[in-house]
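> Sequence isn't available, so here's the structure alone:
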């Protein structure tokens, strides 16, 4: 319970909004749709939200799914997701996403988004150091 309260305070302090698959924001929508696909173990759909560079790197939805399951378990099975700060760059948009995992730990990830002919795609995700709350 304490972890949930701390996570809520953390999110409120950052002015974050809850995840919505029907988000009017196209970048949040792509990320939300990929997270939903991971939650359903639909790695083919999750892979469809990856950029051409990521798709070339992993080659198949199964390889991509294995990488996420093993390297980003909080993304594979998030308990809660909210959106944080966004930074626009010349060729990409960096979107911070706060994910609470099933154990209640809070993770901040930075999604690099690129616009393609097929719309926004995820070009990479990096794990950021989450600020300590109540320490």
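Structure received. Please read all numbers here as calculations on a predicted model, not as lab measurements. Numbers count the residues shown, from 1 in each chain.

> Residue 84 looks like it's in a strand, true?
Yes: judged by DSSP: H, G, I helix; E, B strand; the rest coil, residue 84 forms part of a strand.

> Spell out the secondary structure type for the closest residue to it other than its chain neighbours.
Once flanking residues are discounted, residue 84 sits nearest to residue 96: 3.7 Å by C-beta to C-beta, 6 or more residues apart in numbering. Using the backbone N, CA and C atoms, a C-beta is placed for each residue, glycine as well. Using three-state DSSP, the structure places residue 96 in strand.

> How about residue 96: which residues does it bridge to?
residue 110 (DSSP bridges).

> Next: residue 87.
residue 94.

> isn't it right up against residue 93?
Yes: with contact defined as C-beta atoms under 8 Å, residue 87 reaches residue 93; the gap is 7.2 Å.

> still on that earlier bit, my understanding was that the residue nearest to residue 84 contacts residue 109; is that so?
Yes: the pair residue 96 / residue 109 is scored as a contact, 7.2 Å apart, by C-beta under 8 Å.
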